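*Asks:* The sequence isn't on hand, but the structure is:
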């Protein structure tokens with residue numbers, strides 16, 4: 001992540017969490033970042049109303065948002081083609097950071113997941129990521145949301161899973177390769193050994 005700054009003073013935030021203490025913490029962190037347009041709600045019904053009437057720039061949503069839960073709420077926001085706010089950046093806040101729970105948030109269409117208890121650094125990093133590294137949206141029968149692929153690890157068997165994926169080509173050998181000792185030395189130097 002590059003060292004950069006964003007101006008949060010002009011951004012409108014919607015924080016959806018049923019826990020008043022969590023709302024206070026998130027509100028305080030955002031105010032510390034100079035944000036001054038912060039709306040707080042405690043359930044998904046109120047969140048929908050604010051989304052429709054005020055069109056915030058970012059939604060921070062707890063996974064336990066009543067009555068249906070934050071994951072189901074995100075699915076509803078993303079999958080309803082009538083929602084004019086379906087491409088809104090959504091950060092899921094959760095105390096359960098198991099891989100299976102992160103996958104649920106990702107598959108629901110969340111842009112990012114932030115672990116609770118929130119730290120100012122983690123929240124700011126996620127906001128910067130969403131602002132400066134937006135992912136294009138994918139629209140299929142079963143999913144609408146930001147592209148779930150974060151890493152460029154190459155394509156399996158050099159063929160992508162989407163029609164727009166290019167075939168990966170491996171270039172010709174361009175010179176001598178490193179020996180195992182040279183590779184080990186590079187790694188040790190990088191580690192500071």
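*Replies:* Thanks, I have the structure now. Just so it is clear, the structure is predicted and the values come from calculations on it, not from any experiment. Numbering: from 1, shown residues only.

*Asks:* Who are the contact partners of the residue sitting nearest the centre point of the chain?
*Replies:* A centroid search over the chain (Cα atoms, centre = their mean) returns residue 112, at 1.7 Å, as the residue closest to the centre. By Cβ atoms under 8 Å, 6 or more residues apart in numbering, the residues touching residue 112 are 91-92, 126, 129-130. From N, CA and C alone the C-beta is placed, and that goes for glycine too.

*Asks:* Show me these that map onto helices.
*Replies:* Taking DSSP state H, the ones among those that sit in helices are 126, 129-130.

*Asks:* Now the closest residue to residue 62 other than its chain neighbours. Its backbone dihedrals?
*Replies:* Spatial nearest neighbour of residue 62, excluding adjacent residues (Cβ to Cβ, 6 or more residues apart in numbering): residue 17 at 4.0 Å. When read as degrees, to the nearest 10, the backbone of residue 17 gives phi -160, psi 130.

*Asks:* give the contact list for residue 17.
*Replies:* 23, 26, 40, 42, 60-62, 65, 93.

*Asks:* Mind checking which of those land in helices?
*Replies:* Per DSSP H, these map to helices at 23, 26.

*Asks:* Can I get the contacts of residue 17 in JSON lines including distance to residue 140, pLDDT and neighbour count?
*Replies:* Formatted as JSON lines, the contacts of residue 17 follow (distance: Cβ to Cβ, whole Å; pLDDT from 0 to 100; neighbours: other Cβ atoms under 10 Å):
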{"residue": "23", "distance to residue 140": "34", "pLDDT": "96", "neighbour count": "19"}
{"residue": "26", "distance to residue 140": "32", "pLDDT": "96", "neighbour count": "25"}
{"residue": "40", "distance to residue 140": "33", "pLDDT": "97", "neighbour count": "19"}
{"residue": "42", "distance to residue 140": "33", "pLDDT": "98", "neighbour count": "17"}
{"residue": "60", "distance to residue 140": "26", "pLDDT": "98", "neighbour count": "29"}
{"residue": "61", "distance to residue 140": "22", "pLDDT": "98", "neighbour count": "27"}
{"residue": "62", "distance to residue 140": "27", "pLDDT": "98", "neighbour count": "23"}
{"residue": "65", "distance to residue 140": "25", "pLDDT": "97", "neighbour count": "25"}
{"residue": "93", "distance to residue 140": "26", "pLDDT": "97", "neighbour count": "29"}
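
*Asks:* mind checking how far residue 26 is from residue 64?
*Replies:* Remark: distance between residue 26 and residue 64 (Cβ to Cβ, to the nearest Å) = 14 Å.
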